[in-house]
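Peer 1: Return atomic coordinates for the entry below.
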Amino acid sequence: MNFQAITERFKNMMQQKAKGLSNASQPPESFPFYHQIRQLSQEPWTYEDPELQDMAMSVLPLEKLFEEATKRENDGNGLWGYQDYLIQSLLSWFKHEFFSWVNSPKCESCQSDTHLIGASRPNAEESFQGCNNVEVYQCNTCSHQQRFPRYNKVRPLLHSRKGRCGEWACCFTFLCRALGSRARWVWNAEDHVWTEVYSFKQNRWVHVDSCEESFDQPLIYEQGWGKKMSYCIGFSIDSVRDVSSRYIRNPENGNPRNRCPEYVIEHVIRSLNEEFRSPLTADDRSKLLDEDKREKEELLSYRKQEDVTSALPARQTGSDDWKRVRGEGGK
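Peer 2: Numbering: from 1, shown residues only. Below you'll find the predicted structure:
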């Protein structure tokens, strides 16, 4: 990183800090982003439903995944543990055998290509299944119109097994939990979501993107996709963290963090962690506080360096036009 970039980054940090101090008299609850973070924090709790986890056991090829994880561990170099290899095996199966990407659905009448013509409100059944919006497509051949509900709940996704990054991350993060891993659902303000899984072997949270079959490649968005980002926040049932600096290393690749002063984010994350951890034992809370300190040091260390990873791929999923509109077409 050159001197000019460091100077500019320092100036931006000081401006954000000054802005936060000047607005500190405003209660955090007065900012809409405070409430959005609280709402987003409820996503991982939906993965804890015992009935849903029983459903996961009925769809997961457990014997295959365990055998593959054992093989990966035997062939590995000792850097990862068995649970890490199990997640890698799940990642491969999920990408290639279980879930499907949908740019536009095939016509349900004649199987021809379709094009988007608009949106519609979800009907009663779709709403009950957790659908917030419905895309409407028309067949290019027979003009048949059909609905494509965008579900953000696990249950219908275990049946449909299709969607875009929101559906992929929701279902994959849930399956990580069903296999016993500590998992985070990571929300990005620029309309992408992915997963982090805790590695007990390496004592850190590891980036996993099921859409791209990407494991421990946190710079894939910045350096591979060429995506500019502002906020990346990870949510689990015992850990909420602003993990933006794990994914945004070069200040030129960062969008402005202007949804609220920084003290608001710090406040809501601290309060959520206190709430989520209050039912735990004192020993478990202490362990999580130690983990918080390690992760804080890790995230702070990224501000002192500019990592460059060679040959990170451009985005694989999505049509070229869709990726270009989203600023994810690669550098």
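Peer 1: On the three-state scheme, the residue most central in space within the chain is what?
Peer 2: Nearest to the mean C-alpha position of the chain, by C-alpha atoms, centre = their mean, lies W194 at 2.3 Å. Here W194 is strand, with the state taken from DSSP: H, G, I helix; E, B strand; the rest coil.
Peer 1: from what I can see it touches R184, true?
Peer 2: No: counting by C-beta atoms under 8 Å, W194 does not reach R184; the two are 9.2 Å apart. In short, each C-beta sits where N, CA and C put it, glycine included.
Peer 1: pLDDT averaged over stretch 61-76, what's the number?
Peer 2: Averaged across stretch 61-76, pLDDT comes to 97.
Peer 1: Could you tell me the end-to-end distance of stretch 121-133?
Peer 2: 6 Å (C-alpha to C-alpha, to the nearest Å).
Peer 1: So which residues make contact with that stretch?
Peer 2: Here stretch 121-133 makes contact (C-beta atoms under 8 Å, 6 or more residues apart in numbering) with A119, V134, R147, P149, R150, Y151, N152, K153, R155, P156.
Peer 1: ok, which pair from those is furthest apart?
Peer 2: A119 and R155 (22.8 Å; C-beta to C-beta).
Peer 1: These two - which one has more neighbours?
Peer 2: R155 (17 against 12; other C-beta atoms under 10 Å).
Peer 1: would you list every one of the strands in the stretch 151-300 of the chain?
Peer 2: Residue ranges of the strands in the stretch 151-300 of the chain, as given by DSSP state E, counting those that start in this stretch, are 162-163, 183-188, 192-199, 204-209, 214-215, 232-235, 240-242.
Peer 1: Dump those into TSV; add mean pLDDT and distance to F31 as well.
Peer 2: Putting the strands of the stretch 151-300 of the chain into TSV (pLDDT from 0 to 100; distance: least, C-beta to C-beta, whole Å) gives the following:
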stretch	mean pLDDT	distance to F31
strand 162-163	96	31
strand 183-188	98	17
strand 192-199	98	22
strand 204-209	98	26
strand 214-215	98	33
strand 232-235	98	15
strand 240-242	98	15
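Peer 1: and R285, which of those is closest to it?
Peer 2: strand 240-242 (14.4 Å).
Peer 1: Please name the residues that touch the residue nearest to the centre of the chain.
Peer 2: Contacts of W194 by C-beta under 8 Å, 6+ apart are C165, A169, V186, N188, H207, V208, D209, S210, C211.
Peer 1: Using pLDDT, spot the least trustworthy of the contacts of stretch 121-133.
Peer 2: For the contacts of stretch 121-133, the pLDDT minimum is N152, 88.
Peer 1: Of the contacts of W194, which is the most crowded?
Peer 2: V208 (29 neighbours).
Peer 1: quick revisit: just curious, which of the contacts of W194 is nearest to P32?
Peer 2: Looking across those and measuring by C-beta to C-beta, the closest to P32 is N188, at 17.6 Å.
Peer 1: what about the closest residue to that closest one other than its chain neighbours, distance to S244?
Peer 2: Spatially, and ignoring its direct neighbours in sequence, N188 is nearest to C232 (5.0 Å; C-beta to C-beta, 6 or more residues apart in numbering). From C232 over to S244 the distance is 5 Å, taken as C-beta to C-beta, to the nearest Å.
Peer 1: More neighbours: these two, which one.
Peer 2: More crowded of C232 and S244, by other C-beta under 10 Å: C232, with 25 against 20.
Peer 1: hang on, the more buried one packs against E190?
Peer 2: No: applying C-beta under 8 Å as the test, C232 and E190 come out as separate, 9.0 Å apart.
Peer 1: ok, residues contacting the host helix or strand of S58?
Peer 2: Assigned by DSSP states H and E, S58 falls within helix 50-59. The contact list for helix 50-59, computed with C-beta under 8 Å, 6+ apart, reads Y47, F98, V154, R155, L158, F174, L175, R177, A178.
Peer 1: List the ones among those residues that fall in helices.
Peer 2: Within these, residues falling in helices by DSSP state H are V154, R155, L158, F174, L175, R177, A178.
Peer 1: now, among those residues, which is nearest to G76?
Peer 2: L175 (21.8 Å).
Peer 1: Need the pLDDT of that closest one.
Peer 2: At L175, pLDDT is 98.
Peer 1: what kind of secondary structure is the residue sitting furthest away from the middle of the chain in?
Peer 2: For the chain, the largest distance from the centre (C-alpha atoms, centre = their mean) belongs to C142, which lies 37.5 Å off. For C142, the assignment made with three-state DSSP gives coil.
Peer 1: Confirm for me that it is in contact with C110.
Peer 2: Yes: between C142 and C110 there is a contact under C-beta under 8 Å: 4.9 Å.
Peer 1: Could you work out the end-to-end span of stretch 156-170 for me?
Peer 2: 11 Å.
Peer 1: Also stretch 133-151?
Peer 2: 8 Å.
Peer 1: what residue ranges in this protein score low on pLDDT?
Peer 2: 1-24, 304-310, 331 (pLDDT under 70).
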